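Enquirer: Any chance you could fold what I've pasted below:
(chains A and B)
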Amino acid sequence: MPNIRVHEKALAHLSRGLYRSPASALRELVSNGWDANATTVRISTNYPNFYQLAVEDNGDGFSAEEFARLMGGGIGNSEKRPTAKAMKYGRPIIGRLGIGMLGIAQICGSFTVTSKMKDGKGFRAKVNLYDLLKEKLDSDDSSVVTPSSDKGFSEVDVGTYDFEDQYDLSRAKFGTTIMTEDVHPTFVRAFQQSLKSPKFRKPPSQWQKAIDIVSGVHSIQELGDYWRLLWELAASCPIPYVSGSCLPEKLISTEQKILESYNFKVFVDSLELKKPVHLAGNPAGYTIRRIHPRHLTLYGKSLCFHGYIIVQEGTQLKPDELRGLLIRIKNVAIGYYDPTMLDYRFNEGPRSRWLTGEIYSTEGLEDALNIDRDSFNRFHPQFRAIQEYVHSILRGNLFPEVYKQIEVRSAARAQTKRRARTSHLKQVLTDAAETTVSVSRAAKSSQVSLKKERRKLKVAVPDEAGIATKKSNRQLAASILALFEVAMNEPDDTRRREVFRRSLLSLLSKW
Amino acid sequence: MKHYVRVKGWLPHCKARKRANADLEPSEQRRLRYFTFCAIGAIDVLMLNVAKIISPSREDKFDTVVFFDLDPDAVLETQKRIPGAIGFPGNFTDVVLANGPAASLTEDQDYLAPPSEREDTTTTRRDQRILAQRGNFIREFPFDIVNLDLEEFAFKPNDPFPGKVINALRKLFEWQKAPLYAWPKRPTKSVYLDSFTLMFTTQIGPPNISEEYTDMLRSYLEQNIASHPDLEDVLLQRTGAANVATLQSDHFEDFFKLGVPKVLAGLLLETDWYVDAEKGITTFAFKRNWTGGEYTMLHFVMDVKRQAPPKHRRAPNSGHAADAVDAYVSVVRRLFTQSDLEVTNELASSIELKPSLEEIRGRRRKYYPEDV
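Expert: Residues are numbered from 1 along each chain as shown, chains lettered A, B, ... in the order given. Predicted coordinates:
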């Protein structure tokens, strides 16, 4: 029976079009730093001109031989490294396909890789990616596609690399640095233009201030592509939150301790990134659901996940990009916050814009990843399991609680309004009667009763239940009837008419 | 020795520039703008920062500092040590002269937009970037302090005369006339610099310097002597050479030390600036060793003023402003009469430079703790 094969061209195409944003490509390089036991990854964008982009980590580095293996066919090989790697700080390994390094090809035509291991060995190599690769692949251009003796298969090259033998490695720092050298003008232009966005703000030196800035806009895009890069990297990298108490009820305090124990920092242009989540001080409070650890076995494979969902009662989350649910595998975000809440099938109206949450998968789910590591196969059984569980919480538990809270808030608001109106009515009646007035409700009576006691007028307004009008108009109707009766106490028609007119307008002015 | 020049040459001029800014009305005071070839250590920037001449923004960013470096790695490293500084990777003269020496002052064209006629290749992208870089660089002008610490030959034998450096300087002095617009918010009317501080560094040489360049230097000096014959005696007393030709053949270093600042003063005059006669041009020289032998570095420091009234307000063909011409004559005379300062190890160690360097390194560690 003939085998089904995947043509190498497919991978070659992927090398130029895998990620949906620069942050997604850079996130893969950050993940490489994590897997190399780096404690710091620095991304430099050459702000504000963006003519170069560099990612450097202080990790283990790798050898010229490993680099040659990667470039000569190891890119995309699921055996990322030939031997099992010892991870420090209790970190899980993130990388899988080893395609991350070429991800940067989406924004540049060449780059230099410098790597130095702890034993002082290392290399520096320049990688040149072919121009017009997609066109050449489509036309089977012989400069990139070489027919092989194996029938039906061709060898595909995406570029060349050269080791810089003259490079003085003693100059290099331990770890790996990837420096772009031919940044695509479209990238440069987009980022330069982003600094001219009307709401653009210069990046601060502290991440907390950055959160304050992004929380002041409806969408990150208002701040431009540079801020989007900062936000997306901050949201997706395995880095700590601003603090363990950045969410109510210390929702992520355990997660924060774990993240801090990994001893991993990411800087962009000297700004240390933290997760872009900080919710506090909402007047109506928060409705929270913790997703306690769940362990499932599906088709013989384990799936473990936990997390939280939080609803900011009555107030839309800002920025929009924070709305929805974010799934992390081994602390790395897959895509960004999903505003569809994993394809939730019910319309919760504006309530869905109050909701954010994170789901941490500690085991499994990797098979559900699409190759861009930015999205899921939504019909994968492990993804469906998480989806069903989350939707059961949303539908069966969380949103009903949110609606209940809305009712409670509505009742409280109505009560406050009623008190204010009664107080206002009392003031209007006092002005009309030119004496002190007390207002009470006449039980089970649809009539207004007035009673004079010394210098005080006691007004009993009709029981609203007995007034045959719309419920929302009953307090107003009862108040008008009270005004009418007080006006009727005046000695003549002209005076009655005048007092009633003045009182009515005064009542309506603050109703 | 280089740090001696920084402390004794650059710093006093820059302090004076800061004082001049402090004397302005509060609404007109601003953070000084600095252009440099600072190299990875950014010692000059941090020295000026320690001396409170270059102030970072409220967010602690050096966003009024602009620098060039040929090496992309160096740009990356420098930006770590002076965060927020605006770094240009590439060859300074290539970028400045990207579309020829006659290019216009303002650059509004969108060179990074996808061209309709060219394919997306390495060459197309490089051409786009270099022109865009030039536009970005022009938009950073003007600077209160310009530190052209080139550390290379100003006159390269393979450069078509007058050479890339001279052409680039001419452009740079032209761009210095651009309005200030970035501080503290866009002013309602254009404000222009009336003066700036210029530091220029070059090596003496090269040994195979072309005749065109030496002829240029000689002609400048001969013109001066022709206008002021008494300078010939001054020249003889100072260098032992009876005329410029002898100076060139027998005392090439002195010939070069006299000729280069004359070229700078001439370029400034040509571009509607002039060297302030009060301090003139201070010259520092020191020798360095390398595997190929010994070479001499020259550092020139000067205050530069805008001619008043500026050229566009003077009558056509009226020549330079009278003050500028007087200052030029005075500066030239002073170049002949005033010896350069030869910086030796003994001289450099005669003053306490170590605390200054330690303070600078401490400041650098503040911004980049991993720096060792």
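Enquirer: Show me the shaky parts of chain B.
Expert: Scanning chain B for pLDDT under 70 picks out B:100-108, B:181-189, B:372.
Enquirer: Equivalent analysis for the stretch 151-300 of chain A, please.
Expert: Ranges of the stretch 151-300 of chain A meeting pLDDT under 70: A:151-155.
Enquirer: Let's see that with 50 instead.
Expert: Along the stretch 151-300 of chain A, no part satisfies pLDDT under 50.
Enquirer: where does it come near chain B, residue by residue?
Expert: Contact residues, the stretch 151-300 of chain A versus chain B (CB under 8 Å from any CB of the partner chain): A:177, A:179, A:181-186, A:188-189, A:192, A:202-205, A:269-270. In short, each C-beta sits where N, CA and C put it, glycine included.
Enquirer: try it again with 10 Å
Expert: Residues of the stretch 151-300 of chain A found near chain B (CB under 10 Å from any CB of the partner chain) are A:171-173, A:177, A:179-190, A:192-193, A:201-206, A:209, A:267, A:269-271.
Enquirer: Next step: those restricted to helices.
Expert: A:185-190, A:192-193, A:209 (DSSP state H).
Enquirer: Narrow those residues to those that are buried.
Expert: A:185, A:187-190, A:192 (16 or more other CB atoms under 10 Å in any protein chain shown).
Enquirer: Residue numbers of the stretch 101-250 of chain B in contact with chain A?
Expert: Going by CB under 10 Å from any CB, the residues of the stretch 101-250 of chain B near chain A are B:110-115, B:119-133, B:135-137, B:140.
Enquirer: Recalculate using a threshold of 6 Å.
Expert: B:112, B:121-122, B:125, B:128, B:136 (CB under 6 Å from any CB of the partner chain).
Enquirer: Return a PyMOL selection command for the buried portion of the residues you listed.
Expert: In PyMOL, a selection of the buried entries from these looks like this (16+ other CB under 10 Å):
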select buried, chain B and resi 112+125+128+136
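Enquirer: centroid residue for chain B?
Expert: B:L148 (3.3 Å; CA atoms, centre = their mean).
Enquirer: so what's the most centrally placed residue in chain A up against?
Expert: The geometric centre of chain A, computed from its C-alpha atoms, lies nearest to A:L322 (CA atoms, centre = their mean), at 3.0 Å. For A:L322, the contacting residues are A:337, A:356, by CB atoms under 6 Å, 6 or more residues apart in numbering or on different chains.
Enquirer: how about the nearest residue to B:V165, chain neighbours excluded?
Expert: B:A154 (4.6 Å; CB to CB, 6 or more residues apart in numbering or on different chains).
Enquirer: Kindly provide the distance from that neighbour to chain A.
Expert: According to CB to the nearest CB, to the nearest Å, B:A154 stands 26 Å off from chain A.
Enquirer: cool, B:P316 as well?
Expert: With CB to the nearest CB as the criterion, B:P316 and chain A are 39 Å apart.
Enquirer: burial measure for that residue, as a count.
Expert: 5 (other CB atoms under 10 Å in any protein chain shown).
Enquirer: Ramachandran coordinates for the residue of the stretch 251-400 of chain A found nearest chain B?
Expert: Taking CB to the nearest CB as the measure, the stretch 251-400 of chain A has A:S270 as its residue closest to chain B, at 3.9 Å. Phi and psi for A:S270, reported as degrees, to the nearest 10, are phi 70, psi 0.
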